[in-house]
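Chemist: here is the input, now give the coordinates:
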Amino acid sequence: MDQPWRCWQFRAVVSLLWAPAAALVMAQPASASRLQLWQLNPATNQLEIRTERAVQPRAELVYNPTRLVIDLPGVVLGSPQISQNYSGAIRQVRVAQFDPQTTRIVVEYADGFTIDPQQVRFRGVTANNWLVQLPTPQQQTVSLPPLPPPSPPSAPPVTPTGPLQVRSWRADATGFLVLADRPLPEGSYTLRRPQRDRIEILLSNSELIRNFSPRRLELRRFGRDLVRAEVRTQSNRQVQITLDIDPQDADWQVTPRSDGFVIVPSNTAITPPPPPTAPPPSQQPSVIPAASAQTPVTTIQRVDLGGRELLIQGDRTVFYNVGWEGSRYRIRLRQAQLDSNLREPRLVTGSPLSNIEFRQEDNQTVSILLTPAPNFRILGPRPLSAESFVVQIQGVHDSPTSAPTPIDIPPTATTQPVPRGRFVVVIDPGHGGRDPGAIGIGGIREKDIVLDISLQVSQFLQQQGVQVMMTRTTDIDLDLAPRVAIAERARANAFVSIHANAISLARPDVNGLETYFAPGRSSRLASAIHNSILSSLNIRDRGVRSARFYVLRNTSMDSALVEIGFVTGAEDAANFQNPAWRTQMARAIAQGILNFLQGR
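Modeler: Sure thing, here's the model as predicted:
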């Protein structure tokens, strides 16, 4: 009997599984889209995906076993992993949260079955409803060796007891392939990470064949990251494989296969480039085109470099995939064309990119090629909305930081959404990177407090239909001039810089809110934000003032600088360390900006 359609409404799943899923749900960005429904009909080989807002699926085919991997950027699942088993060629479908910004759907095929990646078809019914037509699975033809003479009925099966013979190894597209005389037995190895930059795999009851070579390999991942691997024989028939990796890498894993095993990262955010010695074509991941030919063409209106993020924005949903071409990071925009008035980003000394090249491949495909500057690497894309995303760049010497946990900010009864896309607001969290700003009571740092609040302001404004750009979203160095340049290139309606004040630690009695505007310019934005904060929080009022701050004097749009309190003040410092208070402050700032935009 045919399998029925499998369908889950995820709001119901969340309500049933709220307790174990609470931490996961609360950790998701408030502006992310939710996966509302997925359903697979094995009889027609059709998968339907429906999300809360527009999404651009990305897909590839991987092998051993054959799996179709579909990533939904900017989509949260809102529940633990869901698995559904099937009979026939499709063995299982799994849906899980791959990272905080991506839901992953994996269609795994039964042993011996595969599909032609070129026959996978995506059709966008709407921007948030996709149909994936899977090709008919094909049974792989395998040449089997002649059967040995039958054993006497009473003879038990023979299990190899000699050491595993490790014959050779090589680096492939994603990790290391180790070939042996048989599969790696279960429980015959240990994997540990004694240091952040080292993985050790110890194989028991194993040995290297005579003249095993090479003993060292190198794997270039993501165009820049170098992984070094070494294999050597230990005493007592043990083989050790050591990987020298980037300290920020996720864990690695060992996966047995019929002719040995593979060593690969536990998760990989983007498809790495092919290695110098590529594996056979049948073993390489196959990227599947996603955008339908029926999709309207998107005009790419802006490509702006702000700090260590490259913003790409279109006039409608942007369809893209990413990868490497040699040492250059390629962003391919499908169903897209470049705006004739597009201004290319200006690269200056110290820029994280050494070159940006634009290509209009044909009338519906745009490629943007990025060359990272020395000591920088490209982390990958992060969706902002259906119409825009940023490519994140990191300095190799940057210390890893943990981003503040986004908090869902419910709209208040008085909040009226503005017309979507009509207004552009730039939010500027002060300081960052090596500049901590003011340091106050208990060692609290201005840069950390204002980044947390700024991210929440951005999320709340986006919920209300405002297009938001941030001068920084992570703990990076950013001078004053680039902050102004981001606002000018964005042609923003408003620029709001968020700071925390300070005075001597000997004056914990000094507390309160100050909001600034440029001399000779309108104070309307500053007053709207200031009044909104005073009406929402219990904080001392130190007034709205004019000041010649660089970011206020040099921005051409309405601008304000908010000093949200004193890190050296006893009252304010205690508030800064309260997440609920920071959320109230973010909501009040966002409400003040909305009041300004609506002329109130």
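Chemist: going by C-alpha atoms from here, please, whenever you check contacts or count neighbours.
Modeler: Will do.
Chemist: quick check: Val551 vs Gly433, distance?
Modeler: 18 Å (C-alpha to C-alpha, to the nearest Å).
Chemist: more neighbours, the two?
Modeler: The neighbour count for Val551 versus Gly433, taken as other C-alpha atoms under 10 Å, is higher for Val551 (24 against 15).
Chemist: what's the helix or strand for that one?
Modeler: Assigned by DSSP states H and E, Val551 belongs to helix 550-553.
Chemist: what is that helix packed up against?
Modeler: helix 480-490, strand 558-566 (3 or more C-alpha pairs under 8 Å, 6 or more residues apart in numbering; DSSP states H and E).
Chemist: tell me which residues are up against the last one.
Modeler: If I follow you right, that is strand 558-566. 440, 493-503, 510-518, 522-523, 525-526, 530, 552, 572-573 (C-alpha atoms under 8 Å, 6 or more residues apart in numbering).
Chemist: helix or strand right after that strand?
Modeler: Using DSSP H and E, the next helix or strand after strand 558-566 towards the C-terminus is helix 570-576.
Chemist: give me the distance from that next one to the chain's centre.
Modeler: Here helix 570-576 shows a centroid-to-chain-centroid distance of 33 Å under the convention C-alpha atoms, centre = their mean, to the nearest Å.
Chemist: which outside residues touch it?
Modeler: For helix 570-576, the external contacting residues (C-alpha under 8 Å, 6+ apart) are 440-441, 444, 449, 508-512, 565-567, 581-582.
Chemist: show me what secondary structure element comes after it.
Modeler: Following helix 570-576 toward the C-terminus (DSSP H and E): helix 579-597.
Chemist: and that next one with strand 558-566, angle?
Modeler: 160 degrees (axes from the mean of the first three to the mean of the last three C-alpha atoms, to 10 degrees).
Chemist: begin at 26, not 1, for the rest of this chat.
Modeler: Let's use 26 as the start, then, which means that last one is helix 604-622.
Chemist: for helix 604-622, buried residues please.
Modeler: By neighbour count on 16 or more other C-alpha atoms under 10 Å, the buried set for helix 604-622 is 607-622.
Chemist: and of those residues, the nearest to Ala121?
Modeler: Thr608 (28.5 Å; C-alpha to C-alpha).
Chemist: next one: the closest one from Ser522, what distance?
Modeler: On the measure of C-alpha to C-alpha, Thr608 and Ser522 end up 17 Å apart.
Chemist: go on, Thr280?
Modeler: Applying C-alpha to C-alpha, the value for Thr280 to Ser522 is 50 Å.
Chemist: so for those two, which residue has more residues nearby?
Modeler: Ser522 (23 against 14).
Chemist: just for the stretch 76-225 of the chain, where's the confidence low?
Modeler: Scanning the stretch 76-225 of the chain for pLDDT under 70 picks out the ranges 88-89, 105, 143, 165-186, 197-199.
Chemist: show me where it has its helices.
Modeler: Using DSSP state H, counting those that start in this stretch, no helices are found in the stretch 76-225 of the chain.
Chemist: redo the contacts of helix 595-601 as a markdown table? Include distance to Arg333 and pLDDT.
Modeler: Listed next are the contacts of helix 595-601 as a markdown table, based on distance: C-alpha to C-alpha, whole Å; pLDDT from 0 to 100:
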| residue | distance to Arg333 | pLDDT |
| --- | --- | --- |
| Gly465 | 28 | 90 |
| Ile466 | 30 | 90 |
| Ile469 | 25 | 91 |
| Ile474 | 20 | 93 |
| Pro533 | 36 | 91 |
| Asp534 | 38 | 92 |
| Val535 | 36 | 93 |
| Asn536 | 34 | 95 |
| Gly537 | 33 | 95 |
| Gly590 | 28 | 96 |
| Phe591 | 29 | 95 |
| Val592 | 27 | 93 |
| Trp606 | 29 | 90 |
| Arg607 | 26 | 91 |
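Chemist: just the buried residues from the residues you listed, in ChimeraX please.
Modeler: Here is the ChimeraX selection string for the buried members of the contacts of helix 595-601, based on 16+ other C-alpha under 10 Å:
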select :465,466,469,474,533,535,536,537,590,591,592,607
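Chemist: closest to Glu77 among the contacts of helix 595-601?
Modeler: For the contacts of helix 595-601, the residue nearest Glu77 by C-alpha to C-alpha is Arg607; the value is 27.8 Å.
Chemist: would you mind measuring from the closest one to Gly568?
Modeler: Counting by C-alpha to C-alpha, the gap from Arg607 to Gly568 is 20 Å.
Chemist: okay, domains of the protein per the record?
Modeler: 31-162, 189-310, 319-418, 431-625 (automatic domain parsing).
Chemist: any idea which element Arg570 lies in?
Modeler: Arg570 is located in strand 566-571, with elements delineated by DSSP H and E.
Chemist: output that strand as PDB - backbone C-alpha positions only.
Modeler: The C-alpha coordinates for strand 566-571 follow below in PDB (Å, rounded to 0.1, in the frame of the first residue of the first chain):
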ATOM      1  CA  ASP A 566      16.600  61.900  33.300                       C
ATOM      2  CA  ARG A 567      19.700  63.900  32.400                       C
ATOM      3  CA  GLY A 568      18.100  65.500  29.400                       C
ATOM      4  CA  VAL A 569      18.400  65.800  25.600                       C
ATOM      5  CA  ARG A 570      21.500  67.800  24.500                       C
ATOM      6  CA  SER A 571      23.400  68.900  21.500                       C
END
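Chemist: who are the packing partners of that strand?
Modeler: Strand 566-571 packs on strand 538-542, helix 549-561, going by 3+ C-alpha pairs under 8 Å, 6+ apart.
Chemist: export the ones you listed as CSV, with columns for mean neighbour count and distance to Gln109.
Modeler: Shown next, in CSV, are the helices and strands packed on strand 566-571 (neighbours: other C-alpha atoms under 10 Å; distance: least, C-alpha to C-alpha, whole Å):
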stretch, mean neighbour count, distance to Gln109
strand 538-542, 24, 54
helix 549-561, 20, 48
